[in-house]
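> Structure here, sequence nowhere to be found:
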């Protein structure tokens with residue numbers, strides 16, 4: 001009896017698209033600049049960066065859509081919001097605030113380059129010694145044989 005091939009092609013387990021319900025805590029993420037092709041364009045006024053596909057809410061925790069794209073300069077980024085099917089972009093006023101769950105935000109430092117680590121002075125060793133008595137690298141130490149370094153020589157003919 002062979003078990004080869006079993007267990008392939010099974011589901012991903014628990015990664016469904018489900019409604020999490022209203023969040024416990026929300027914070028302001030930005031305000032409406034304008035609508036474009038049925039989506040909303042928000043100007044961020046939060047120091048945190050939202051997850052992609054994070055739900056966006058009104059101040060009464062009513063879900064209106066989810067983050068589609070994040071774009072613009074890092075110090076004044078914008079985001080597009082894909083609206084729920086029952087929402088219309090024309091029903092929102094310019095500069096209206098929008099909210100996001102505090103669980104769906106990442107710190108801005110995650111997207112910035114890390115500052116260089118402080119340099120530590122190198123320890124000088126007497127006589128050029130290397131740590132723990134190891135050699136200087138390379139193959140077979142210093143002055144290793146030349147040629148024929150790997151495997152057998154094979155048939156070399158008659159000499």
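Happy to help now that I have it. All figures in this text were calculated on a predicted structure; none of them were measured in a lab.

> what's the single longest strand in the protein?
strand 26-36 (DSSP state E).

> Can you give the contact residues for the helix or strand following that strand?
For strand 26-36, the following helix or strand on the C-terminal side (DSSP states H and E) is strand 39-44. By CB atoms under 8 Å, 6 or more residues apart in numbering, the residues outside strand 39-44 that reach it are 29-35, 56, 65, 68, 76-83, 89, 92, 98. (Each C-beta comes from the backbone N, C-alpha and C, glycine too.)

> Now which of those would you call buried?
Among these, those buried by neighbour count (16 or more other CB atoms under 10 Å) are 29-30, 32, 35, 56, 65, 77, 79-83, 89, 92, 98.

> quick check, nearest of these to residue 120?
residue 77 (36.3 Å; CB to CB).

> ok, for that closest one, nearest residue in space, not its chain neighbours?
Leaving aside its chain neighbours, residue 77 sits nearest to residue 44 (5.1 Å; criterion: CB to CB, 6 or more residues apart in numbering).

> Tell me what that neighbour is bridged to.
Note on residue 44: beta-bridge partners residue 30, judged by DSSP bridges.

> So for it, what's the pLDDT?
Model confidence at residue 44, given as pLDDT, is 96.

> Please apply the same query to residue 28.
Looking at residue 28, its pLDDT stands at 96.

> pretty sure it is in contact with residue 96, am I right?
No. Using CB atoms under 8 Å, residue 28 is not in contact with residue 96, being 11.0 Å away.

> quick revisit: please work out which residues outside the longest strand of the chain touch it.
Outside strand 26-36, the residues within contact range by CB under 8 Å, 6+ apart are 40-46, 50, 56-57, 59, 61, 78-80, 89-90, 92-102, 105.

> same check, this time on stretch 63-73
By CB under 8 Å, 6+ apart, the list of residues contacting stretch 63-73 reads 19, 22, 39-40, 49-58, 77-84, 87, 98, 100.

> Can you flag which of the residues you listed belong to strands?
Using DSSP E, the contacts of stretch 63-73 in strands are 39-40, 49-50, 55-57, 78-83, 98, 100.

> Thanks a lot, catch you later.
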